[in-house]
Structure formats: structure tokens, C-alpha cells
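Asks: How does the following fold in three dimensions:
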Amino acid sequence: MTPLLKTAAAVAASVFLLGACATGTPYQRPDAAMPGQWSTAGSNDASLRTAAAKSDVSTDWWKQFGSAELDRLMVQAVAANHDLAAAISRIAQARAAAGIVDANRSPSIDVAGSAARTRSNQSPIGSTSAGTQSSQLSATVAYELDLWGGRAAASDAARARVDYSVYDRDAVVLLTQAEVASNYFRALAAKDRLAIAGQNLEAARSVLSLVELRYGKGADSGLELSQQRTSVLNIEAQIPQLEQELRAAQTALAVLLGQAPQGFAIEGESLASLRLPALAAYQPAALLERRPDIRRAEASLQAAHADIGAARAALYPNLRLSATAVAGGVLTSGSSLASSLAASFAQTLFDGGRLRGQVLQSEARRAELIEQYLQSVLTGLKEVQDSLDAAAFGETRRSLLARAASESQEAYRIANVRYKSGSQDLLTLLDSQRTRLQAEDSRVQADLARFSAAVNVYKALGGGWVGNGEG
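Replies: Numbering: from 1, shown residues only. As a prediction, the model looks like this:
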């Protein structure tokens, strides 16, 4: 074995021995105190516990509402939403950046060639000499040994940032799906409220016709006539607002689908055409794996942890090996070969504390991200608990408002009959008319709240995301 090869073998062996000197430490997930179970409240405590024991959130959770149109909207949103497309592009950027970092761990190979021809002005007259020719080809292989694990740590950080971008994409998908469902339900509720307002307006106009007839016969005064006209106008004034709410929900849907909002409209007509699914909640500890935003926060923390290893490695010496081979006369018949092996050593003796400051900065960044991760866990717990409570209390509220709407319809019917028979004044009829409209409108809003709460439960639980980290 030549001395050069012996030297190279010795240096290579030292890499394995110095591998134990890596400056990084294994990552450990921060300890987040997780409750053993969710608190349940309201009339459907038992149903929530039963559902939690029996089922899990499906990957296509929106199909539980039983709307083929909603299914189509979800497919369109995932395919065309611009925020989602931007998130996918960020994954490609992160992967490209990780590739660049990984490339720094590989040897570099440079090849160079040269050729020259010279003619001397001192050649004798009549000489046939064409001068001299020279040519050479050189190849250099250089490699910086990762003695302290700094480059490996940089690669770990880059891969963690790829994971971050993937989890970010998944979070955008979940948010987009939840917004599509919520705005679809808002649009259907607006149509229901418009239908109720239209029915009440028709009834109020019918009463107005009766009042006008009685006024013409002197049975009612101008006061009753003005009161009923006011009631009709108030109902009419609600319709433009409800139409605006319908249009706002539909334009929001269009944007989520990546479409221009002008002219977009849904086909569905009523919330009554949907079914409200039974809610299921897995154990709180599962949130750490099931919510993409929590996994995203942890990926950012993992990257910061790896950055500390890279910053610490920069405090230590670096060793660079290079091997060069030069072939001369490659374009002529005669050729020569020369080779060399070199090692260079570098260590920063004084930098005013720059490298040490980078370590401290990385450690402080990790401390910050630990707190952000723990806060994201608490936020997730709160969102699940709030959505479960909203679903539970919303069911109770909707039941009471449905009964109130039924009673108000009966009260209006009785008041209308009595007014027509002359046994009751118009003021009582107007009051029952107003109460009926408010009760029926509140019932629809309570229905919307139940559907919105169900969407929020699915979103808070991470939807059907399985956390595989694939892009």
C-alpha cells in the first residue's frame, strides 16, 4: 500500500472514531399534561360517551351529512383551492432546500482540462518546426469530514422542515374542508330563513288585506291599518339582509373552490335535506398525533433542536480532504500522470463570540418553540372541548326552540281566528305574528348551530387526517 493510500485509510478510520463526538442530542417530545377524558355536558352526555367508545373520525367525515352536492364541493375544493396549491408548492420548496443541505454532505468532484500550442520567434529560417503543444486533464475530489455531526444535524433540520410543510399542507386541507362545509350549511340556512320570511310575509299581507277591508267598513281605525303596514314592511326589510347572507355564503364557497364568485350558486334548498351525524371523540392524548397543526408545531421544534447541533458543531475544528490526479499530454502520444492527497485543518480562534452567540440563539429559539408547541396542544384541547360542548348544548337549545316555534304557530293561528271573529284586537295578533317569525327563524339558526358544531368537532379532532406525513 502506498503512503498516500495509507494516509487516506488512517483518516477514514478516524471518522468512525470521532463519530462518537457528535454534538447533537436525541430529540424528546415535550411533556404535555393531557386529561384522561373529555368533559361532557348537556342532554347528550351519554350519546357522546357511547360514540366515543364505538367509532372514530372517518377520513371523509363530511359524507356523514348525507349530501351528494357537499361531496362534489369537497372534491372541487381539494383540486382547485389556491391556498392549498400554495401549500403544496411550499412542500416542493422545502424538499429542494433539504436536497441542497444533503448535497453538502457528499464529496465534490471537479474536472478541468487545458491545451496550449506555442511557436517560438527564434526558430531558424527554413525550419519546419511547428512549435510545442501541451495539454493536461485534472480531477479533484474534495470532502469535508462531518466530525462533530454538524452536517448531519443540518440535514435533520431540513427534513424536519419538510415535515413541517407537509403538516402545514394537511392543516390547510382540513381548514378548507371545514370552511366548505360551514359555508354550505350557512347557505342552506339562509335559504330556510328566506322561506320562513316569505311565508310570514304572505301571511302578514293576508292580514293587511283583512285590516284594509275592515278599515274600509269602519271596523278598524287608521292606527290598526298603520300597525299592520309597519309589520309587513318590517318583514320585507329582513329579506334583503337574508339574501345578502345567502350570497355571501355562496361567494365564500366559490373562492374556496378556486372559482370567481360571480354567478355561483348551490343547488341545495334546505338544511332539512341533511342528516346530523353522531359525534365521536377519541381520547385526548390522541390529539398529539391526530391534529396536523400540533404535528406542524412539533416539526418546527424538531428543526430547531437539530439547528442547535449544527450550531454547536461550528465551534469545533473542521477537516477537509482532497485528492487530485493530473494527466499531462493527453492530446499527444506521450502522457504523464501525477496525483496528490491533501488534508486541511481549520479552527476559528477568535470571532468576538459570533459562533457562541449562534448556539445561544438556537437554544433560545428551541425554548420558544417548546412553549408554542405546548400552547398549540392546549389550544387543541380547548377547541375540542368547546366544540363538544357546543354540540351538546346546541342540541338542547334546538329542542327547546323547536317547541317554541310550534307553540308560536298555534298562538298565531288562534289569534288570527279570534281577530277575524272580532273577539280580539289587532295588537295581540301583531304580537303573535312577530313572535312566530322570531321563533321559526331562531329554530333555523339553532339547526345551523348544530351543523356548525358538528363541523367544528370534526375539525378540532383533526378530521380524518391519519398523520402519515406523505406529500
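
Asks: From here on, just use CA atoms for contacts and neighbour counts.
Replies: Noted.

Asks: which ones are touching residue 284?
Replies: Contacts for residue 284 (Cα atoms under 8 Å, 6 or more residues apart in numbering) come out as 34-38, 381.

Asks: Please apply the same query to residue 102.
Replies: Going by Cα under 8 Å, 6+ apart, residue 102 touches residue 155.

Asks: Now do the same for it: helix, strand or coil?
Replies: helix (DSSP: H, G, I helix; E, B strand; the rest coil).

Asks: likewise residue 111?
Replies: Under three-state DSSP, residue 111 falls in the strand class.

Asks: how much space is there between the spatially closest residue to it that is not a sequence neighbour and residue 106?
Replies: Nearest residue to residue 111 in three dimensions, chain neighbours excluded: residue 139, at 4.4 Å (Cα to Cα, 6 or more residues apart in numbering). Here the criterion is Cα to Cα, to the nearest Å. By it, residue 139 lies 16 Å from residue 106.

Asks: Residue 426 too?
Replies: Distance check for residue 426 against residue 106: by Cα to Cα, it reads 90 Å.

Asks: What of residue 261?
Replies: Computed as Cα to Cα, the residue 261 to residue 106 distance reads 51 Å.

Asks: where do the strands sit along the stretch 201-350 of the chain?
Replies: Secondary structure of the stretch 201-350 of the chain (DSSP state E, counting those that start in this stretch): strands at 318-328, 336-346.

Asks: Of all those strands, which one comes closest to residue 391?
Replies: Set against residue 391 and scored by Cα to Cα, the strands of the stretch 201-350 of the chain come closest in strand 318-328, at 60.4 Å.

Asks: Buried residues of the closest one, list them for me.
Replies: Within strand 318-328, the residues that qualify as buried are 318-319, 321-328, counting by 16 or more other Cα atoms under 10 Å.

Asks: try stretch 215-233
Replies: Buried residues in stretch 215-233, counted by 16+ other Cα under 10 Å: 215, 220, 224-225, 227-229, 231-232.

Asks: closest to residue 386 among those?
Replies: Looking across the buried residues of stretch 215-233 and measuring by Cα to Cα, the closest to residue 386 is residue 231, at 38.6 Å.

Asks: Does the closest one touch residue 432 like I think?
Replies: No. Look at residue 231 against residue 432 with Cα atoms under 8 Å: they stay out of range, at 11.5 Å.

Asks: quick one: the residue nearest to residue 64 when sequence neighbours are not counted and residue 102, what's the gap?
Replies: Using Cα to Cα, 6+ apart and skipping the chain neighbours, the partner closest in space to residue 64 is residue 277 (5.6 Å). Plainly put, residue 277 is 48 Å away from residue 102 if you go by Cα to Cα.

Asks: and what of residue 295?
Replies: 23 Å.

Asks: got it, and residue 267?
Replies: Residue 267 is 51 Å from residue 102, by Cα to Cα.

Asks: Same check on residue 85?
Replies: 26 Å.

Asks: neighbour-wise, which of residue 139 and residue 106 wins?
Replies: The residue with more neighbours, out of residue 139 and residue 106, is residue 139; 15 against 12, by other Cα atoms under 10 Å.

Asks: For the strand or helix carrying the more buried one, which strands pair with it and how are they oriented?
Replies: If you go by DSSP states H and E, residue 139 is part of strand 132-145. According to DSSP bridges, strand 132-145 forms sheet pairs with strand 108-118 (antiparallel), strand 318-328 (antiparallel).

Asks: how much does it deviate in direction from strand 336-346?
Replies: 30 degrees (axes from the mean of the first three to the mean of the last three Cα atoms, to 10 degrees).
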